[in-house]
Each structure stands twice: as C-alpha cells, then as structure tokens.
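Enquirer: mind folding the following:
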Amino acid sequence: MSWKVKSFTKGLRLFQLVADIAKAEGTWHYSFSHYNSEFSNGHHPDLHLVGWNNVTIEIWTHAVGELTENDFILAAKINVLDLQHLLRKKVNL
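Expert: From the prediction side, this is the model:
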C-alpha cells in the first residue's frame, strides 16, 4: 500500500492511524525496558516514509514469514480509513 501525502507531518499522522488500528486489534504492546514500541507475535505493519511525502505500508506476519489472515484483516481496515485529508494523490494499493 502506497500513498503520497500532503506533508511530512501528514505522513506521520497516517502512521499513527495505522498504529491505532494495530493497537486496537491487540497486536501492539510496549516494551519499556527497550525504550521503544514493539508488536507481539512478530505481526505488525512495516511503515516507511521516504523523502517527505512518500508513504508505504507493508503487511506480513514476521513470525511465520508470510501473509496470514490477520494481515488481510489489517489491510482491509486500513483500506476503509478516510485518508483524503492527508493525501496528495493515491499511488497504489
């Protein structure tokens, strides 16, 4: 999934929306001992912000090294987000 966002901060906002979905799905936990955030069971979206406005989200289950049903569920939830206020132009899905 890839998009061009209006600004760098809009890209970060898109990441936050995706993180909120993942957290709500119960795939997110905090690892305070490492001072960072991690997803449980190796399942999380890979979030890429290249340059100031190119956003790419890759979804696959790292623990098994392939796509699972949970990946398709997460992708479907991302697809229904209203992102128009963040986007310059949708590139591809």
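
Enquirer: let me see the ranges of the helices in the chain.
Expert: All helices of the chain, identified by DSSP state H, fall at 8-24, 69-79.

Enquirer: neighbours of residue 46, how many?
Expert: A count of nearby residues for residue 46, using other CB atoms under 10 Å, gives 10. C-beta: built from backbone N, CA, C; applies to glycine.

Enquirer: name the nearest residue to it, ignoring sequence neighbours.
Expert: Of all residues not flanking residue 46 in the chain, residue 58 sits nearest, at 4.2 Å (CB to CB, 6 or more residues apart in numbering).

Enquirer: for residue 83, same thing?
Expert: residue 14 (6.5 Å).

Enquirer: look up how far residue 45 lies from the one you found.
Expert: 11 Å (CB to CB, to the nearest Å).

Enquirer: ok, residue 67 - how many residues close by?
Expert: Neighbour number of residue 67 under other CB under 10 Å is 12.

Enquirer: contacts only, for it.
Expert: If you count contacts by CB atoms under 8 Å, 6 or more residues apart in numbering, residue 67 has them with 59-61.
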